[in-house]
Every structure is written in C-alpha cells, then in structure tokens.
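> requesting a structural model of the entry that follows:
(one chain, ligands or ions: 2)
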Amino acid sequence: MSDDASPTESRSLHFIEEIVEADRASGKHGGRVLTRFPPEPNGYLHIGHAKSICLNFGLAAKYGGATNLRFDDTNPVKEDVEYVDSIREDVRWLGFDWKGEHYASDYFPFLYDYAEYLIGQGKAYVCDLSEAEIREYRGNFHVPGKESPYRNRRPEENLDLFRRMRAGEFPDGSRVLRARIDMASGNMNMRDPLMYRIRRSHHHRTGDTWCIYPMYDYAHGVSDALETITHSICTLEFEDHRPLYDWFLEQDVEGRFFQRPLPRQIEFARLNLTYTVMSKRRLLLLVQEGHVKGWDDPRMPTISGLRRRGYTPESLRAFAERVGVAKRDTVIDVGLLEACIREDLEAKAPRRLAVLNPLKLVITNMAEDEAHVIEMPNHPDDPSFGTRPMVLRRELYIERDDFMEVPARKWFRLAPGAEVRLRRACLVTCREVVKDASGAVVELRCTWDPGSLGGDAPDGRKVKGTLQWIPVKEAIRAEVRLYDRLFTAEDPMDVPEGGDWRDTLNPASLQGIEAILEPALAVAEPGSRFQFERLGYFCADPDGRPGAPVFNRTVGLKDSWARLEARP
Ligand code: ATP
Ligand code: MG
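Numbers count the residues shown, from 1 in each chain. Ligands and ions are numbered 1, 2, ... in the order given. Predicted coordinates:
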C-alpha cells in the first residue's frame, strides 16, 4: 500500500484505535490484532463498504495484524458467485490483501454442533409457533414478551426435533430453533431470538446439503470467535445486538468451542453520502429496473462504478481517512469525495487537449501546408512526464464556449477583435465571424502573430486568455460521457408522503457527446486517466476501441469543496 493513504501522523487516535491500543497495552489477545471484513455476497460493494474495508485493513496494518475476508453467506436466497468474485476484485483493487478467506457456510457443521451443545445446556429450544405467533409473543418495547408454550421442552426432545429438522422431516417454516434467553428483556433482541429456520433452498456453495440455515446474529459472532478475531467492527445498527453477540459466545461455559479471550464487537457510524442511495438492495433495483447500465455504471456509488468513472484506489483510501471514524451517523458531502480524486489526479494525470463542443478557427495568414511542431509538456509542474508533439496548422478547433460575439465584462477569451493565446502555440486575433444562413457562428477567421510561436508575445504584451486547440487535420473523434449526480435530491430517501425514492432520479445524469481530441488519445488503454485541460479529469472506458475511444468524465476541475470549506 502506498504511503499517501496511511494515517497522517498528526491526527489523534480515533476511538477504535484507542480501544486497540488499550487492549495491546493490557496484553489482551497477546497484543494480537485480527480484524475481518464480512460482506454478504448479495450485491457489489459500495463506497460505504470501502470505508469499512479501509478501517478494518488499516487498523490491522497499523498494529502489525491481519484481516480476514469472510463472506457472510448464511442466506442462500439472495447470494451469488458473481458477487463473491466482484467483492474479491474490489478489495484487492483498493490495495488490500486478506489473510484468511472464509465463508460463513464453511462453518455450518460447527454452528450445528454448537447449537446441539446449547440445546444440551438448556439454552436453546425448538419452537413450533408460527412466524406471526412468534412476533405476537415477543411483545414490544412497552409490552413484555410471553413465553412460548414450547420453551420448556426437555433437552432430549429438543435435540430429537432439531436433528429431524436437519434431516428434512418438517416443512419449511414449521419450526425454528430459538435461543432461550429472556422474554422480558428490555432489549428485544434478547427475547428468545431465532437461531435456525427451515428453508429448502439451494446454496451457492453448500448446494442442497442443508435445509436449515443459521440466522445472522448466531452465525456472525460464532464465525468471529472461530477465526479468533480480536476486534469485530460493525456499523451502529448492531449496537443493540451486542448483548446477543456476547451471549452466544459466553454460553461456551466449558471453553470447548472457542479460544479466549473472546472477540469484542465495536460499532461505528456508517457512511452516508449526499445525492445517492447506499444499500445493496436499492442499488440492485437501480440495476434491475434499468435506471443505470449495470453495477459498474460510472454513476453508481459502487467501488466498481467509481473505478470505471476514473477514481483511483488512493483517492478512495484518502477519502476514508478524511471522513474519519465516528460514533454518530453523519452524511458526508459528495464534494469531499470529488475533492479527493481531484487532489490525487492533479499530480498523477498527464495533460491532454480536447474540445467538447467544437468551433472552427482558421488562421488566415498561415499557409495551407504550414505546420509548426509544438512540444507540449504532459504535466505543467512535473517534467518527468515528458512531452508530446502537436502540430499547429491553419485550421483548428477550439471550444465554442470560448467565443462570445458580444463579450461580457471581464471576458478574456475570444471575441471580435480580441487576442488570445492558443496553449503553448501562438497568439491569434479574431478578425471575422462567419455565420450560416440561420445566423449560427460556424467559423472564426483569425490572424496570428508569427513572432509568438511558443505562446508568448515578442514584445511582452499581456494576453490573458489561453485556449485549448486541436488541428483539424489530426483531430480524432471520440464519445465522451459527462455525468451529473444520479439523484437531484440531497437525500433521495427523504421522500414526501406517497412518494418513492426513485422520484428524484436525475433524468440528465448522463450526457453522451461526440468530442474532438488530440491524436495522442487515439489509443487509450481502458482505465487510463488524463486531465483534459480546462475540462476536467477523464478516464478511458472499456467500451472504447482503438481509434474510437470512449472517455468518462471523472470530475470537473473546479473545486466546489474548497469553497464550501472556506465558507464562514
Ligand atoms: P447494505 O445495506 O448496503 O447491503 P450491509 O451492511 O448489509 O450493507 P454487508 O455486506 O453486510 O452490507 O456489510 C459488510 C460490512 O460493511 C459490514 O461490516 C458493514 O457494517 C459494512 N458496511 C456496510 N455499509 C456500510 C456503510 N455505509 N458505511 C460503513 N460500513 C458499511
Ligand atoms: Mg446486509
């Protein structure tokens, strides 16, 4: 992992680092740090997961520990190998290597054995109540729960029933295994939660071996303990589940199942971003309903979407670091994410010239066959990027927005009679505006100052405006995709009565245009990133072909975040 994303020495410890340091100081776990990242393979990872990945892997790296990748595949219905593969790719792309690769489903036999043990200890029972009855018996925050009539079955009877559940003797949904804890607990999660349900569905790894599947709360802590995880980091909505997490593990009273000390669950605030939704379930709907082209659509907040958009792993790691680790939920301005990629690419991206909306410019005092080779630096501040040749000719394209027939105040770009600089090439003055029958400007006829070759006036006269240009003869055409926010609402989930979160999908989130590029961009490896001068950062899309590249605009050049931060 590169240095730029490692925690800055200057910042103080966040609360999880404090916990880890205290544990190391006290010798708990022998100073060991083993974290895990436990995605459910039911979708592609998003930027919120990236935050969690950076936290788990970053913490382990900082304290000389390691991180396991664990697929939390206890729910056979929604899971798929495609997701497993994408998750592995995304974690690796972010720059992290895991120690163990595990699947909760590998622990099914162990989870089953431990469940039998709990039954034997009188800590779990088979319950025949229906789903609705269980809900009703559970009560609510104000009403204490009622004990199930099956709660006091003898262990031998429970064991027999549980074995027959496993053997497939009972129909789906007819019985469950429940932990026997406390139906009067103020914490609803402790009111005899479900441990197993009967569900005949094919699992992407275990096939049809099982017809009973463990519940998340049961499987999760047991998986952590089995892997000897030291710090089990999750998001805040699991805070109320922590007593249950501990309860399941603490029932191993004889220490037959788990190594001590047991793992500790620690909750932090999940990442929320403005102008997007961040749950796999909703992202899946965006894909299924065709609002986007796929999980890796550059408008998606998925890691694969951000990658295709042009984000670098370094920028996402820097973002995770800047967001920090909080104990209370917050919403982060997407402008911060954009600032992170801008900062990273400013130093890394070679410069190129491009014109999104072309206007022809003819230098009338230059001969038809005249050609001046200009060595263009690939980076203004870093000579190690080298140079590339561009040819200044009589016929060029410039950006249509760089011309105003009736110039506004303080307009330093092209206008009738005005002089501007063509980047690194020369100074030109607009002499004549050519229009078509409808009155649209189709061509600017200019003259150049031959003494200004290279870009500066021979007499030192000041010329403020500098434009990008492309010679017509060498110009290539390419599809350029410009993106706007996927939603027009800052919080798409904040919908009025009767509305739907999809109501604020931005109909103009993708604009495809045919742009004019300099010839050096004809062959751009998919994934290669450039700054198109004055226009933003762009990344070559895999849809491109040699000679017909496709570029995604990653982000514009203007830093709205710096302005926001500077606001009083
Ligand atoms: P989603 O609701 O998007 O499906 P999830 O929490 O169900 O998310 P998991 O695959 O279960 O997704 O999560 C894997 C890990 O990533 C968990 O430890 C979870 O806490 C963490 N995580 C998920 N979303 C976020 C988020 N927005 N911010 C920080 N961490 C997150
Ligand atoms: Mg989930």
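> quick check: the gap between Phe108 and ligand 1.
18 Å (Cβ to the nearest ligand atom, to the nearest Å). Every C-beta, even on glycine, is put in place using the N, C-alpha and C of the backbone.
> contact residues of this structure facing ligand 1?
38-40, 48-49, 51-52, 72, 234-235, 270-271, 278-280 (Cβ under 6 Å from any ligand atom).
> spatially, what comes nearest to Val81 if we skip its sequence neighbours?
Of all residues not flanking Val81 in the chain, His204 sits nearest, at 5.6 Å (Cβ to Cβ, 6 or more residues apart in numbering).
> what is the burial count for Phe258?
Using other Cβ atoms under 10 Å, the number of residues around Phe258 comes to 19.
> now name the helix or strand holding it.
For Phe258, there is no enclosing helix or strand under DSSP states H and E.
> show me where the stretch 1-150 of the chain has its helices.
Listed in chain order, the helices of the stretch 1-150 of the chain (DSSP state H, counting those that start in this stretch) span residues 15-26, 47-62, 81-93, 108-120, 131-138.
> could you single out the most deeply buried of the ones you listed?
Highest mean neighbour count among the helices of the stretch 1-150 of the chain (mean count of other Cβ atoms under 10 Å): helix 47-62, with a mean of 22.
> distance between that helix and the chain's centre?
Average the C-alpha atoms of helix 47-62, do the same for its chain, and the two points are 13 Å apart (Cα atoms, centre = their mean, to the nearest Å).
> got it, and stretch 140-147?
From the chain centre to the centre of stretch 140-147 is a distance of 40 Å (Cα atoms, centre = their mean).
> how about stretch 511-524?
27 Å.
> send the alpha carbons of that stretch over as PDB?
Output of stretch 511-524 as PDB, limited to C-alpha atoms (Å, rounded to 0.1, in the frame of the first residue of the first chain):
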ATOM      1  CA  GLN A 511     -24.900  13.100 -21.300                       C
ATOM      2  CA  GLY A 512     -23.000  11.500 -24.200                       C
ATOM      3  CA  ILE A 513     -21.400  13.800 -26.700                       C
ATOM      4  CA  GLU A 514     -19.000  13.500 -29.600                       C
ATOM      5  CA  ALA A 515     -15.900  15.400 -28.700                       C
ATOM      6  CA  ILE A 516     -12.700  16.300 -30.600                       C
ATOM      7  CA  LEU A 517      -9.500  15.000 -29.100                       C
ATOM      8  CA  GLU A 518      -5.800  15.400 -29.900                       C
ATOM      9  CA  PRO A 519      -4.300  12.400 -31.700                       C
ATOM     10  CA  ALA A 520      -2.300  11.200 -28.700                       C
ATOM     11  CA  LEU A 521      -5.600  10.000 -27.200                       C
ATOM     12  CA  ALA A 522      -6.400   7.700 -30.200                       C
ATOM     13  CA  VAL A 523      -5.200   4.600 -28.300                       C
ATOM     14  CA  ALA A 524      -6.000   4.900 -24.700                       C
END
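> burial of the closest residue to ligand 1 within the stretch 401-550 of the chain, as a residue count?
Of all residues in the stretch 401-550 of the chain, the one sitting closest to ligand 1 is Met493 (12.2 Å; Cβ to the nearest ligand atom). Residues near Met493, counting by other Cβ under 10 Å, number 13.
> over to the one 3 residues further on?
Here the number of neighbours of Pro496 (other Cβ under 10 Å) works out to 6.
> in terms of pLDDT, where does Val523 sit?
For Val523, the pLDDT comes out at 87.
> cool, and the one 3 residues further on?
On the pLDDT scale, Pro526 is placed at 95.
> find the closest residue to ligand 1 in this structure.
Gly48 (2.2 Å).
> that residue contacts Met278, correct?
Yes - when contacts are counted by Cβ atoms under 8 Å, Gly48 is listed as touching Met278 (5.0 Å).
> shared neighbours of those two, anything?
Common neighbours of Gly48 and Met278 (criterion: Cβ atoms under 8 Å, 6 or more residues apart in numbering): 271-272, 301.
> now restrict those to buried residues only.
Buried by 16 or more other Cβ atoms under 10 Å: 271-272, 301, out of the shared contacts of Gly48 and Met278.
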